[in-house]
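Undergrad: Need the 3D shape of this:
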Amino acid sequence: MIPYGKHTIFPDDVSAVTEVLEQGFLTQGQQVPAFEKALCDYTGAGYAVACNSGTSGLHIACLAAGVKAGDVVWTVPNSFAASANCARYCGAEVDFVDIDPHTRNICTSALVDKLHLAAAANKVPKAIIVVHFAGSSCDMAAISAITEPFGILLIEDAAHALGAKDPQMHKVGAGKYSAMTVLSFHPVKSITSAEGGAVLTNDEDLAAMLRCYASHGITRDPAMLGDEHQDEPWFYAQFELGFNYRLSDVHAALGRSQLKHLDDFVAQRLALAKVYHDALSELPLIRPVLDENSAWHLYMIELTQHDRKQVFNALRQRGIGVNVHYIPIHLHPYYQQLGFKAGQYPHAEHYYRRALTLPLFPALTADNQMEVIKQLSEVLS
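TA: Here you go, the predicted model:
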């Protein structure tokens with residue numbers, strides 16, 4: 001089976017992990033700070049706080065933003081459930097903004113319309129989780145210009161987009177137009193630390209809060225502990241109800257080693273996307289926008305004349321590990337119990353009914369990609 005996604009591990013990645021295993025500090029050593037610095041050096045962010053998953057990163061980003069019960073947070077329905085769940089963890093209400101059917105990212109005109117209605121109802125969101133779907137950056141400059149008059153805090157869910165650039169050619173993660181950017185290092189993402197994530201910010205105070213929430217709400221910072229404890233080198237104190245979201249040194253070593261390959265990974269993904277774009281041009285389907293600045297985490301087509309379930313099953317039977325990204329969040333039973341209904345976000349729902357994810361990862365060989373194209377062509381014919 002040719003999978004839809006797969007990590008690539010090099011000998012230097014194995015050596016980096018082995019070195020940590022042999023030297024003794026498996027956690028709370030120097031690998032996490034080194035990985036955080038490398039992420040800042042790559043993206044241009046001022047601060048990075050590593051954590052044990054992208055979901056954890058989204059959670060502490062909402063906590064650092066002050067999201068709480070009584071607040072409202074918006075995101076898009078076209079994402080993994082964690083993009084909305086992070087606000088629910090904080091007790092906040094969640095609402096959605098429909099997608100642009102062309103880019104599959106948040107629709108800025110829908111955002112404008114919804115904000116004016118929310119302002120009239122005195123229910124403007126505290127924060128918006130902006131999702132860079134499939135690796136293509138949203139137009140953060142435009143979104144910032146729309147939301148700034150309302151005092152809305154922006155959090156970028158860049159789980160798909162490390163290595164991408166925004167329309168103004170800033171690296172995703174630089175934080176030019178947002179308070180925080182959340183990354184994921186799951187094995188099918190741009191780079192992997194096995195499991196892991198990070199939150200990037202340019203705000204020193206937010207960085208301190210993120211770090212505190214990711215480590216039980218506990219600090220050893222002398223500036224926070226006060227003069228009476230300066231002669232007690234063992235002393236620490238809990239200031240918030242935090243979580244054990246720390247990343248281990250083993251995971252950080254792998255992530256830091258992988259980061260050295262990021263630009264090559266993204267270039268390989270782009271080259272594969274271009275092959276698909278050309279080869280699929282005559283088939284009865286809609287191709288994604290060929291974004292030269294995308295990290296190309298996923299390559300999704302939309303079937304226009306065929307039953308998606310039949311095509312999915314036929315390709316799986318032929319050894320092509322296609323997938324579907326994503327079931328719209330508001331259609332999950334949990335969110336329907338909160339009052340959401342089918343039909344509320346028609347563009348996201350229309351996309352989902354036709355979406356099919358093709359295999360795309362740096363190690364996908366030319367022969368395997370041609371096999372994907374061949375089998376898809378045969379099934380659609």
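Undergrad: Now do the top helix by length along the chain, average pLDDT.
TA: Assignment by DSSP state H gives helix 262-279 as the longest helix of the chain. Mean per-residue pLDDT for helix 262-279: 98.
Undergrad: Could you give the separation of it from the chain centroid?
TA: Remark: helix 262-279 is offset 19 Å from the chain centroid, using CA atoms, centre = their mean, to the nearest Å.
Undergrad: just stretch 271-287 next, same as before
TA: How far stretch 271-287 lies from its chain's middle: 25 Å, per CA atoms, centre = their mean.
Undergrad: ends of it, how far apart?
TA: Using CA to CA, to the nearest Å, the end-to-end distance of stretch 271-287 comes to 15 Å.
Undergrad: Check stretch 134-142 too.
TA: End-to-end span of stretch 134-142 (CA to CA): 19 Å.
Undergrad: hmm, back to that, so after the longest helix of the chain, what's the next helix or strand?
TA: Beyond helix 262-279 in the direction of the C-terminus, DSSP states H and E gives the next helix or strand as strand 285-286.
Undergrad: which other helices and strands contact that next one?
TA: If contacts are counted by 3 or more CB pairs under 8 Å, 6 or more residues apart in numbering; DSSP states H and E, strand 285-286 sits against strand 299-303. The way it works is simple: take the backbone N, C-alpha and C, and place the C-beta from them, glycine included.
Undergrad: Residues contacting the helix or strand just after the strand it packs on, please?
TA: Downstream of strand 299-303, the next assigned helix or strand under DSSP H and E is helix 308-317. With CB atoms under 8 Å, 6 or more residues apart in numbering as the test, helix 308-317 has contacts from M1, L303, V322, V324, R353, R354, A355, L356, Q375, L376, V379, L380.
Undergrad: residue contacts, the fourth one?
TA: If a contact means CB under 8 Å, 6+ apart, then V324 has R308, F312, Y352, A355, L356, T357 as its contacts.
Undergrad: Now the phi/psi pair for the spatially closest residue to the last one that is not a sequence neighbour, please.
TA: The shortest distance from T357 to any residue other than its chain neighbours is 4.4 Å, reached at N323 (CB to CB, 6 or more residues apart in numbering). As for N323, its main-chain torsions (degrees, to the nearest 10) stand at phi -150, psi -180.
Undergrad: just to revisit the earlier point, can you state the direction angle for the longest helix of the chain and strand 299-303?
TA: Using axes from the mean of the first three to the mean of the last three CA atoms, to 10 degrees, the inter-axis angle of helix 262-279 relative to strand 299-303 is 20 degrees.
Undergrad: Can you spell out which helices and strands pack onto helix 262-279?
TA: Counting contacts by 3+ CB pairs under 8 Å, 6+ apart, the secondary-structure elements packed against helix 262-279 are strand 299-303, helix 366-380.
Undergrad: on that earlier part again, adding pLDDT and neighbour count, write the contacts of V324 out as JSON lines.
TA: As requested, those are exported to JSON lines (pLDDT from 0 to 100; neighbours: other CB atoms under 10 Å):
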{"residue": "R308", "pLDDT": "98", "neighbour count": "16"}
{"residue": "F312", "pLDDT": "98", "neighbour count": "18"}
{"residue": "Y352", "pLDDT": "98", "neighbour count": "20"}
{"residue": "A355", "pLDDT": "98", "neighbour count": "21"}
{"residue": "L356", "pLDDT": "98", "neighbour count": "21"}
{"residue": "T357", "pLDDT": "98", "neighbour count": "19"}
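Undergrad: of all those, which comes closest to I191?
TA: Compare each of those with I191 using CB to CB and the shortest gap goes to T357, at 19.7 Å.
Undergrad: what about the closest one, which helix or strand?
TA: For T357, the host element (DSSP H and E) is strand 355-358.
Undergrad: Give me the contacts around that strand.
TA: With contacts defined as CB under 8 Å, 6+ apart, strand 355-358 is touched by 4, 276, 298-303, 308, 311-312, 320, 322-325, 372, 376.
Undergrad: Lovely, talk soon.
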